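Visitor: pasting the sequence and the predicted coordinates here, then a few questions.
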Amino acid sequence: MEKCRLFSNWKLACQGAYQIKCCVAGEKFSFGTKIKKIVLRGREFLGPNLDLRVIFNTFLAMRGYSAKAVANYFLKKYGKSGITPLKIQKLVYISHGWYLAFYDAPLVSDEYAEAWEYGPVFASLYHEFKYRGRLPIINLGTDIDGDFRTVTPRIDRGDKETKKLLDKVWDVYGGMSGIELSELCHQPGSPWDKARKESPGIRNAHIDDRSIKKHYLKKLERNRADHE
C-alpha cells in the first residue's frame, strides 16, 4: 500500500481512516490499546508527517453504528415531536445516505437497507417498532449483547461529527411526515427504485451502498451548485 507523505486533505483523511479501520476491525483490544494501534498503523501506512488528530477524529466518525443506535439518537433528542415507525425508517436511511456522501463509509454498518414495497427499510427497525403501527414511538430500541443482557444502542458520546450530521438531517427533514419522507425516498431512479427493478418480486432486496452514495453525492453537488 502506498504511503502518503502529506495528510492535510480531508478526503485523504477519510480514505486513510477507512484503511486503518479495516486493519483493526474485529481485533479484540481495550480502547486504549486500540488508540495506540491506530496511531502505529497510521504512521506505517500513511507516513510520519500526518496529523494524527485529524485521522483519529475521522476514524471515530467512521466506525459505523447499528440502525437502532441511529434511530435512538433521533428518538431521544426529538421524540417529543412524535416520530412514527415510518418516519424513523426514512430518517435513518437519509442519514445513512448523507453519511456515505460525506465520509465515504456507511453510517449503518450492521445491516443493509432493503427495498421493500413502500420504500427503503432497515429490517431491525421494522421488527423493533412495528407494534406501534402508525402511532409515535414511545420507547428506545434495544438489543441483546454477547452476555445476553438488554442494552440500548447509542451514538458514542464523543462522536461530535456524527451527531452534527444527524442534527442537520433533523433540521432539514424533521418537519416532514413519514409519508412525505417515504415519497422522497422511493422516487423513480432512486436507489430503492433501481434495487426493485434489478430484483423484481424480492421483498428484501439489498440496496447497494454504492448506489446510495452515488445518489446523495449528486444531491450534494446540486446543493453546492445552487449556492455558488
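Guide: Alright, I've got the coordinates.

Visitor: domains in this structure, by residue range?
Guide: 10-60, 67-226 (automatic domain parsing).

Visitor: where among these is average confidence lowest?
Guide: Ranked by mean pLDDT, those end with domain 10-60 in last place, scoring a mean of 50.

Visitor: quick one on the thing from earlier: using JSON lines, lay out the domains of the chain together with mean neighbour count.
Guide: The C-beta positions use only the backbone N, C-alpha and C, and glycine is treated the same way. Supplementary listing: the domains of the chain in JSON lines, determined by neighbours: other C-beta atoms under 10 Å:
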{"stretch": "domain 10-60", "mean neighbour count": "15"}
{"stretch": "domain 67-226", "mean neighbour count": "17"}
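
Visitor: ok, the most centrally placed residue in the chain to Glu128 distance?
Guide: Per C-alpha atoms, centre = their mean, the C-alpha nearest to the average position across the chain is that of Leu107, at 1.7 Å. The span separating Leu107 from Glu128 equals 17 Å under the rule C-beta to C-beta, to the nearest Å.

Visitor: what does Tyr103 give?
Guide: Counting by C-beta to C-beta, the separation of Tyr103 from Glu128 is 25 Å.

Visitor: is it true that Pro106 touches Ile207?
Guide: No - with contact taken as C-beta atoms under 8 Å, Pro106 and Ile207 are classed as non-touching, separated by 11.5 Å.

Visitor: so which residues of the chain form helices?
Guide: Counting by DSSP state H, the chain has helices at residues 10-24, 31-46, 52-60, 67-78, 85-103, 123-129, 160-173, 178-185, 191-198, 209-226.

Visitor: and the last one, what does it pack against?
Guide: Packed against helix 209-226 by the contact rule (3 or more C-beta pairs under 8 Å, 6 or more residues apart in numbering; DSSP states H and E) you find helix 85-103, helix 191-198.

Visitor: got it, and the shortest one?
Guide: In terms of contact count using 3+ C-beta pairs under 8 Å, 6+ apart, helix 123-129 is assigned the packing partners helix 67-78, helix 85-103.

Visitor: and the contacts of that helix?
Guide: 66-68, 71, 85, 88-89, 92, 110-111, 114, 137, 141-142, 204 (C-beta atoms under 8 Å, 6 or more residues apart in numbering).

Visitor: quick check, nearest of these to Cys185?
Guide: Of all those, Gln89 has the smallest distance to Cys185: 8.7 Å, by C-beta to C-beta.

Visitor: run through the residues that contact the closest one.
Guide: Gln89 is in contact with Gly119, Pro120, Val121, Phe122, Leu125, Tyr126, Gly178, counting by C-beta under 8 Å, 6+ apart.

Visitor: isn't the first one up against Glu180?
Guide: Looking back up the chat, that one is Gly119. No - with contacts counted by C-beta under 8 Å, Gly119 stays clear of Glu180, the gap being 11.4 Å.

Visitor: so for Lys197, which of the helices and strands packed on helix 123-129 sits nearest?
Guide: Taking C-beta to C-beta as the measure, the helices and strands packed on helix 123-129 were each checked against Lys197, and helix 85-103 came out nearest at 18.3 Å.

Visitor: export that closest one to CSV, keeping only CA atoms.
Guide: Only the C-alpha atoms of helix 85-103 are listed here, as CSV (Å, rounded to 0.1, in the frame of the first residue of the first chain):
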residue,chain,number,x,y,z
PRO,A,85,-42.1,3.9,12.8
LEU,A,86,-42.4,5.0,9.2
LYS,A,87,-40.7,8.3,9.8
ILE,A,88,-37.8,6.8,11.8
GLN,A,89,-37.1,4.4,9.0
LYS,A,90,-36.7,7.2,6.5
LEU,A,91,-34.7,9.5,8.8
VAL,A,92,-32.2,6.7,9.4
TYR,A,93,-32.0,5.9,5.7
ILE,A,94,-31.5,9.6,4.7
SER,A,95,-28.8,10.0,7.4
HIS,A,96,-27.1,6.8,6.1
GLY,A,97,-27.1,8.3,2.6
TRP,A,98,-25.7,11.7,3.5
TYR,A,99,-23.1,10.0,5.7
LEU,A,100,-21.9,7.9,2.7
ALA,A,101,-21.7,11.1,0.6
PHE,A,102,-19.6,13.0,3.2
TYR,A,103,-17.5,10.2,4.7
